[in-house]
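Peer 1: this one's structure only:
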Ligand code: 5IU
């Protein structure tokens, strides 16, 4: 059976990566395929908003390097609070780091520096442009944390106008990831990728989502939850400004959660 026709619940039992199983189980339990992208710069505002939106989402996406931290301690305080919110509201944390260097360098970037991403982010992502050494490097760091599940999304296609991804690039990215099924949970793409074979499962996440199609004047292109989940077979919608800039972000998040979930249910039924 095509993966797009299988329920998240069914896939949560068979996904080859532990973090993939966990994410799919959360999606099924919370009836949410919504990932919120909290692109704000104040740590306290981010945490307050995540506390409100937590019940609606399966995943919270961060850009740790856009946040205004005053001291190194405040970084740790933030990531500790974020982890507590993740446990409390049952969501996973996705640091949208977009690693893009050789294996040896990304190991340092993932493990160390001031952000120590591997210590708090369940999922991060990487470009395929350097070749598979980037996956090997990141996976080795993830294995330094044997007590916690870690996963990677490979960037196969971006939402922005003129993206060099998609098509053959995406297909090559999928081929590159195939040998790392215990760590590469899936892909960032605009819709279903070349579908997984026996024993494989690719969780596809799509940014560039709003309730109305359009753009942002800087290359971002928006499609609707129904376009990406219902029509194109993606699994998770990633929404930033559509929710965080709304008058009532909680009410708006509920609209996106419902739209994403209904698109998924229609996809299963059709
Ligand atoms: N993001 C994209 N497109 C991509 C990838 C990541 O927009 O292809 I990969 C990020 C950028 C931003 C969020 O953090 O997803 C989308 O925010 P808006 O929904 O506000 O456009």
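Peer 2: That came through, no problem. Bear in mind that the values here come from a model prediction, so they are computed numbers and not experimental data.
Peer 1: can we go C-alpha only for contacts and neighbour counts from here?
Peer 2: OK.
Peer 1: buried sites along the helix or strand encompassing residue 170?
Peer 2: According to DSSP states H and E, residue 170 maps onto helix 167-177. For helix 167-177, burial by neighbour count (16 or more other Cα atoms under 10 Å) applies to 169, 170, 173, 174, 176, 177.
Peer 1: Let me have those in JSON lines, adding distance to the ligand and pLDDT as columns.
Peer 2: Formatted as JSON lines, the buried residues of helix 167-177 follow (distance: Cα to the nearest ligand atom, whole Å; pLDDT from 0 to 100):
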{"residue": "169", "distance to the ligand": "14", "pLDDT": "96"}
{"residue": "170", "distance to the ligand": "12", "pLDDT": "95"}
{"residue": "173", "distance to the ligand": "13", "pLDDT": "96"}
{"residue": "174", "distance to the ligand": "15", "pLDDT": "95"}
{"residue": "176", "distance to the ligand": "17", "pLDDT": "96"}
{"residue": "177", "distance to the ligand": "16", "pLDDT": "95"}
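Peer 1: and those residues, which two are the farthest apart?
Peer 2: Using Cα to Cα, the buried residues of helix 167-177 reach their maximum pairwise distance at 169 and 177, which is 12.4 Å.
Peer 1: near the ligand, which residues of the stretch 101-250 of the chain?
Peer 2: Those residues of the stretch 101-250 of the chain that sit near the ligand, judged by Cα under 6 Å from any ligand atom, are 155, 158, 159, 160, 188, 207, 208, 209, 239, 240, 241, 242.
Peer 1: Could I get the contacting residues of the closest residue to the last one other than its chain neighbours?
Peer 2: Closest residue to residue 242 in three dimensions, ignoring its sequence neighbours and counting by Cα to Cα, 6 or more residues apart in numbering: residue 210, at 5.6 Å. With contact set as Cα atoms under 8 Å, 6 or more residues apart in numbering, residue 210 has these partners: 222, 223, 224, 225, 239, 242.
Peer 1: so which of the residues you listed is the most crowded?
Peer 2: Compared across these, residue 225 has the highest neighbour count, 34 neighbours, by other Cα atoms under 10 Å.
Peer 1: Just the element for the nearest residue to it once chain neighbours are set aside, please.
Peer 2: Of all residues not flanking residue 225 in the chain, residue 260 sits nearest, at 5.2 Å (Cα to Cα, 6+ apart). Assigned by DSSP H and E, residue 260 falls within helix 249-269.
Peer 1: Now do that helix: everything it contacts.
Peer 2: 4-7, 31-34, 52-53, 56-57, 211, 225-226, 229-231, 233, 235-237, 242-243, 246.
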